Structures are given as C-alpha cells and as structure tokens.
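# I would like to see how this sequence folds:
(4 chains)
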There are 2 protein chains.
Amino acid sequence: MKNKITLKELAKLLNVSVSTVSKALHDSSEISPKTAERVKELAKLHNYRPNPIAVNLKSSKSGTIGVIIPNIANSFFASVLWGIEAKAQKAGLQVITYISDESLEREQQITDMLTSGFVDGVLIAVSEETNHKKQYDHLFGLIDYNIPVVLYDRVSFDFPADKIGIDDEQTFEDATNLLQAKGLKKIGVAISIHHLGVGKLRIKGYRNALASMDDFYIANSSKPETLKTKIKKLLLEDKVEAILCADFESTMLVYRLAYENGIRIPEDIKVIGFIQGGVAKLLTPSISYVEQFPEQIGEEAVDLLVDRIEKKLTDEKPINKTVFTKLMHLESTVF
Amino acid sequence: MKNKITLKELAKLLNVSVSTVSKALHDSSEISPKTAERVKELAKLHNYRPNPIAVNLKSSKSGTIGVIIPNIANSFFASVLWGIEAKAQKAGLQVITYISDESLEREQQITDMLTSGFVDGVLIAVSEETNHKKQYDHLFGLIDYNIPVVLYDRVSFDFPADKIGIDDEQTFEDATNLLQAKGLKKIGVAISIHHLGVGKLRIKGYRNALASMDDFYIANSSKPETLKTKIKKLLLEDKVEAILCADFESTMLVYRLAYENGIRIPEDIKVIGFIQGGVAKLLTPSISYVEQFPEQIGEEAVDLLVDRIEKKLTDEKPINKTVFTKLMHLESTVF
DNA sequence: CTGAAAGCGCTTACAG
DNA sequence: CTGAAAGCGCTTACAG
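This next block holds a predicted model:
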C-alpha cells in the first residue's frame, strides 16, 4: 500500500528545495550533475510520477481530448474510436468518451460540460437528431470557448471546423457505375436508413449514376415489414438485375427474400452491401462490400485536432478531408 | 471568443474576496443572502464554471475512471462501454478509455500510467495475452497505489478485486441440457475460440451437460479451413442433431456448410449461436441465440467501482457478481 | 548552482 | 457576515 510520493517529500528526504528537485527531474542545466544524479536516483527508487492534475493546472492544459460518439454499438464508430485511441496514445493524450445515443439533448449536455475545461479539444460525430433539427448552437458554444473541434464522419452541414468524413455519395455512384459498366440495366437500392443524412447521400449517389435512366428502383423503409414488401417487389415484379444494399438490415433482408423466393445470388441477381468486411465474408454466398476505413478516420481526426490544439493551424481556414472507400468483390457479384 | 472567467475575476468585478465568491456559489450559510444573490447573478451572467482541474487538485480526486477494453471492435465490449458511460454520467464521472488490443505489454503501459493518478479507479477486462501468460503483476501495481480495481467479463482467475462477469460455463451447460431434454442425443459444438478463456468455459459447460455420454462432438480450430473441415465432419459423418456455435465465425460457417450440403435448419439440425441478437434475427433462418446483457455488466461494474472509491466497502472482501444470460428461441430450434 | 517566491484556480479552517 | 491565509502539487522567473 504505497502512497504516491510528492516533490515535497522527495525534497525533504534529499535535504534540498522543491525547486531543485523539480529542475533536476527536468534535466535543467541549472542543476549540478551530482545533485541531478542524487535526485533522479531517489525518484526512481520511490517510483516518483508527477501528479498529472497539478501539472495540468500549471500548464492550463488537460492533456485530454473528448470524443463524442453517437452510437457505440455501431461497429463503424467502435472502429473509429480504435483509431482515435491509437493516435491519442502516441500523442500522449487521454481520451474521454461520451456517447450521445443519437440524442441532441444529451449532446448539448456533453458539450456544455466540456466548456468548463475538461478537455483540450473535441472530436464529434453529431447525433442524427442534431443533424435532423439542424441545431448547432452547442457546437458554436465550444468554439466560443476556444476549444478546438473536429467533426468526423457526419460532416455534411455547414460548420466552421475541420472535418473528416467518407464520401458516401461518390462511393454509391461508383458502385452503381460499375454495375452498369458490366451491362446491367435494372439496378435497385434497398435501404432502411433513407431518412438519415448518410442514407440520403447514398441514394443521391445512386441517382447520379443513373441520371440518364427513366426508372429508379428504390426499396426504402425503416419498418422491416414495409421494407420487406418493397424489396420483394424489386425482386419479383421489377426483376432488378442487381441490388445495392445501403445498410446491414437491408442486406440481410435481401438475402433472406432472395433465398425464400428461389432467386440465386449471384446467378440471378448481383448484390453489393454496405456492411463490414468481417460479416460480408461469412455470409452465404459471401457478399461484395464497400470497405471503409474507420480507423483511418479516427487517426486523421486526432491529427487534425492536435494540429489545432498546438496552434499550428491558427487562423487557417477549416480543412476538409475525405477518406476513400474500396469496393471488394466477393461471390455475390461474380459475372 | 469568450475566455473562461475565474473566481478571481468574478471577485474583482464584485469588489469582494475570492473566498466570499467561492462560498456564495456553494450556498455556504456564512454568506448573507444579499451577497449570495449578487454573486450568483454575475456568475450566471458570465456563465461561470469552476475549473475542474483546480477542483480536482484541491480534492485529490480526478473525477475520472479508467476503462481498459481488450478489443472495441467486439460488439460485446462496445455495449459494455455503453453501460459504463451511462452509469458514469449519472455518477458525474468522466470515462477515460484505453484499448489494450489484447496485448499484455500495452496493458502494462496503461496500468503503469494510471498509477500516476489520472483516475480514481479502474475497470478492466484483461487481455487474452494476460490471461494466457497469467501475468497479473501490473494489476497488483494498481492495488499497491490504492487505486480501486473492478474486473469485468474476464474474471476467471484469482485476483483480489471485485468482479462482474457472465457465467459462460453455466450458460452452455443449460443450452446443452435444453437440447437433450427435447430428446436429442448427438449434440455438437463448433468453436473458433477454444483456446481463449471464455472458449474453454463454454466447452466445459457443454461437457458438464453431457457427462454421462460417451461421445463429444467438437469442431474446434482458429483456422477457418480446419474448422470448416471439422464442422463438415460433424454434419456429414457424425450426423449430429444439433450444434452449439460458440462464436460468430463458427456460427456463420455452420450456416454456410449446412446450406452447401443440403442440410436444412431446423428440419435436419437445430442450431444455437452465441451471437448478438441483432444479427441472429436477420439470418436465414433466424438463429436461436444466447442473449447476454453487456450494458448491465458495464453498469454494475461502475456501481461496484463507485462503492469502492467512496470507501463504502473499505476492508470488505472482494465481491463476485454474475450477470445472467437468456436463451432466445428463433427459427433454428423449432421442433 | 540552489532556493524562496509567486502563481495555476480553487476550497476551507480560522480570525476579525 | 467577510476576508486573509494556507494549501492541493507542481513549474519557473528571479535573487543570491
């Protein structure tokens, strides 16, 4: 049951002043090699570690960044957090996590508390509610208090801060184009998150690619039963030749309905899913998927934030970064 | 661009002392109602918030707990974190997350740094490497520094701290018994994590239930190809009547191999998977699964830790808690 | 080369 | 009822 030893106690044991001990431990040139030696030896013996809280108070830095996550059960965000952690560790920063649970009110509570000085900077993916209600006052609150902010992933709105996201629109456009290039005409989309910002972008990308077409085939609903009915229509009546599934739920429904109705993947229909590689590879048949690089988003977000905190970027305009995606071909798009 | 206002500045504006301001804001009975009023008004006007770092330094508390997570990509741990967050927020604690990435060395770095006083307490699920090498010195290091520790989820080793986990052994035993009670004789297990602590417990539970039997049917390998071969043997040669899948990967392999070999679920074989409900419901056919309650583990872990931090439990022996699981019947076990 | 002093922003026992 | 003082554990400009 050791108790943490302080500078003062160390000084007393050594019969020198607190200042001397502090300087010795910081390799100050003011201190004689002999004293420095003595001090360091005893410090090591007692396993002295400066009290980080006291150091923070002196330096007016917390050595800490806040990360606001809308939904940690979403493995995308879990991976982003992983990237954040890894980078923060290298930068010697502690990461305090907050989960907004997609709630604006909770997000406001969090940012409000952060203005009191817990953290040196904030990484945030805004909640869906925030996005939907377009309420960003609490984010401006952070800026008012001079707390650097970096937006990650959910970045499609106007706000004066560095941003790092994925180009969902482009990704979907590319995927659609690719299927067209293979000669497919009737390409559909299944989506349960069409009401979310990211969902809208994905649909937009799909529409961009098919701009010259007359017909879009979109099965969209956040209600499983309705979505099921709409997907069934795509499969049985419209007889689409390919389906882009914009999320996990719609992917699984497409698989199920194809199976139940004797439609073979990929013989009768090609399928691409916006889902995690780990799951994509294990489905039967394995499904071609869009690989995202969430860890990279986390890492670059920390880089941006650190630059702002260290004022390397003072007065520079907000930076916009995009992390690319990659279409991975598995069994479901074999031609 | 506001800058945080301090007690001192507030005092100057009001022409009173810092002590008076501080006391007024804490509703001290020493202060006249009139002064208290004036102080509070100005404080509100300037949106005064005490600098948490200074408060921490005075109180020798950090108001912060550290959470060590082996692997955040594992949705089980992501959900535990969710529970931790929710409870910590209610308790007014900040959560600093650390990811050990299943590495002993990384875990040692983390615990080592935590002894310097960043946090008031630590929640940890030890890494697999730690578990495997049975190296717990760094955890004793925390204890030495009087930092309360609570172990969550990975608790099957001897260590003097509060623990909260899942009874994996019992859960698997129950699931096996249930299948037996339905008259099934040949029950197999597919598992890719048999070398991990939790995997061993699951196998043990299975063996317990079948203690009176001569034959166990276990397909175990961390290599997908080998696991595939072994599962195939269970399905085609042993012709087991049911399979318990101990993890996500083995579950997906069983589904795939059953499909490829014309074995129908549940008509020809019953399947139970140790996977997340969200995925279980979307598989074709939906798979009966063991529901765990990771949020609850997180919540109870915080409760235990807070009690220790507040010394409610001084000198009491370590507490062992278990969160129960629930078998959810879906299509894959329809009789 | 060493140490006394001031200060980071707060709280609280004590004096008046 | 108010304020001066000490102190939490550190750092650093300044004096000697």
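# would you say residue A:279 is within a helix?
Yes - assessed by DSSP: H, G, I helix; E, B strand; the rest coil, residue A:279 belongs to a helix.
# list the contacts for it?
A:248, B:252, B:279 (Cβ atoms under 8 Å, 6 or more residues apart in numbering or on different chains). Every residue, glycine included, has its C-beta placed from N, CA and C.
# Chain B contacts on the stretch 201-335 of chain A?
Taking Cβ under 8 Å from any Cβ of the partner chain as the contact definition, the stretch 201-335 of chain A meets chain B at A:248, A:249, A:252, A:253, A:255, A:256, A:259, A:260, A:279, A:282, A:283, A:284.
# which non-adjacent residue is nearest the residue in the stretch 101-250 of chain A positioned nearest to chain B?
Closest residue of the stretch 101-250 of chain A to chain B, Cβ to the nearest Cβ: residue A:116 (3.6 Å). Closest residue to residue A:116 apart from its sequence neighbours, by Cβ to Cβ, 6 or more residues apart in numbering or on different chains: residue B:49 at 3.6 Å.
# Can you classify residue A:243 by secondary structure?
From three-state DSSP, the assignment for residue A:243 is strand.
# burial count for the residue of the stretch 201-335 of chain A found nearest DNA strand C?
In the stretch 201-335 of chain A, the residue that lies nearest DNA strand C is residue A:309 (17.2 Å; Cβ to the nearest atom of the strand). Residue A:309 has 18 neighbours, counted by other Cβ atoms under 10 Å in any protein chain shown.
# can you pull the pLDDT of it?
Model confidence at residue A:309, expressed as pLDDT, equals 90.
# quick revisit: just the residues of the stretch 201-335 of chain A next to chain B now: which is nearest residue A:5?
Lowest distance from residue A:5 to these (Cβ to Cβ) belongs to residue A:279, with 50.8 Å.
# tell me, how many neighbours does the residue of the stretch 101-250 of chain A closest to chain B end up with?
17.
# before we move on, which element is it in?
Using DSSP states H and E, residue A:116 maps to neither a helix nor a strand.
# Just the pLDDT for it.
pLDDT at residue A:116 comes out at 87.
# For DNA strand D, see how far away it is.
17 Å (Cβ to the nearest atom of the strand, to the nearest Å).
# residue contacts, that residue?
Residue A:116 touches B:4, B:49, B:50, B:51, B:52, counting by Cβ under 8 Å, 6+ apart.
# just checking, the residue of the stretch 201-335 of chain A closest to DNA strand C touches residue A:150?
No - applying Cβ atoms under 8 Å as the test, residue A:309 and residue A:150 come out as separate, 10.0 Å apart.
# Could you tell me which residues touch both of those two?
With Cβ under 8 Å, 6+ apart, residue A:309 and residue A:150 have common neighbours residue A:121.
# Pull up the residues of chain A that are close to DNA strand D.
Applying Cβ under 7 Å from any atom of the strand, one finds that chain A approaches DNA strand D through A:6-8, A:18-19, A:22-23, A:25-26, A:30, A:49-51, A:54-55, A:57-59.
# Buried by neighbour count, from those residues: which ones?
Buried positions within these, assessed by neighbour count (16 or more other Cβ atoms under 10 Å in any protein chain shown), are A:6, A:7, A:22, A:23, A:25, A:49, A:50, A:51, A:57.
# Now, those residues that are in helices?
A:7, A:22, A:23, A:25, A:57 (DSSP state H).
# If I look at the first one, what pLDDT would I see?
This means residue A:7. The score at residue A:7 is 91. That number is its pLDDT.
# From residue B:56, how far out is it?
In this view, residue A:7 and residue B:56 are 18 Å apart by Cβ to Cβ, to the nearest Å.
# so can I have TSV of the residues of the stretch 201-335 of chain A next to chain B showing pLDDT?
Below are these laid out as TSV (pLDDT from 0 to 100):
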residue	pLDDT
A:248	91
A:249	92
A:252	91
A:253	93
A:255	92
A:256	87
A:259	88
A:260	86
A:279	86
A:282	85
A:283	87
A:284	84
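# Which residues of the stretch 51-200 of chain A lie near DNA strand C?
A:54, A:57, A:58, A:60.
# Export the residues you listed to TSV and append columns for pLDDT and distance to residue B:217.
Shown next, in TSV, are these (pLDDT from 0 to 100; distance: Cβ to Cβ, whole Å):
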residue	pLDDT	distance to residue B:217
A:54	93	61
A:57	92	63
A:58	91	65
A:60	86	64
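# just those residues now: which is nearest residue B:107?
Set against residue B:107, the nearest of those by Cβ to Cβ is residue A:54 (26.5 Å).
# for the most centrally placed residue in chain A, phi and psi?
Nearest residue to the geometric centre of chain A (Cα atoms, centre = their mean): residue A:80, 4.0 Å. Main-chain dihedrals, residue A:80, degrees, to the nearest 10: phi -60, psi -40.
# close enough to count as contact, it and residue A:294?
Yes - Residue A:80 lies in contact with residue A:294 (Cβ under 8 Å); the separation is 4.5 Å.
# Just give the number of residues close to residue A:307.
Close neighbours of residue A:307, defined as other Cβ under 10 Å, add up to 18.
# how close does it sit to residue A:90?
Distance from residue A:307 to residue A:90, by Cβ to Cβ: 14 Å.
# cool, and residue A:236?
The gap separating residue A:236 from residue A:90 is 53 Å, by Cβ to Cβ.
# just residue A:311 next, same as before
When Cβ to Cβ is the yardstick, residue A:311 and residue A:90 sit 19 Å from each other.
# Residue A:334 now?
41 Å.
# can you pull out the strands in the stretch 201-335 of chain A?
A:217-220, A:242-245, A:270-273, A:288-291, A:320-323, A:326-328 (DSSP state E, counting those that start in this stretch).
# Same list (those) but as JSON lines, adding mean neighbour count and mean pLDDT.
Formatted as JSON lines, the strands of the stretch 201-335 of chain A follow (neighbours: other Cβ atoms under 10 Å in any protein chain shown; pLDDT from 0 to 100):
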{"stretch": "strand A:217-220", "mean neighbour count": "22", "mean pLDDT": "95"}
{"stretch": "strand A:242-245", "mean neighbour count": "27", "mean pLDDT": "97"}
{"stretch": "strand A:270-273", "mean neighbour count": "25", "mean pLDDT": "96"}
{"stretch": "strand A:288-291", "mean neighbour count": "21", "mean pLDDT": "94"}
{"stretch": "strand A:320-323", "mean neighbour count": "15", "mean pLDDT": "94"}
{"stretch": "strand A:326-328", "mean neighbour count": "14", "mean pLDDT": "92"}
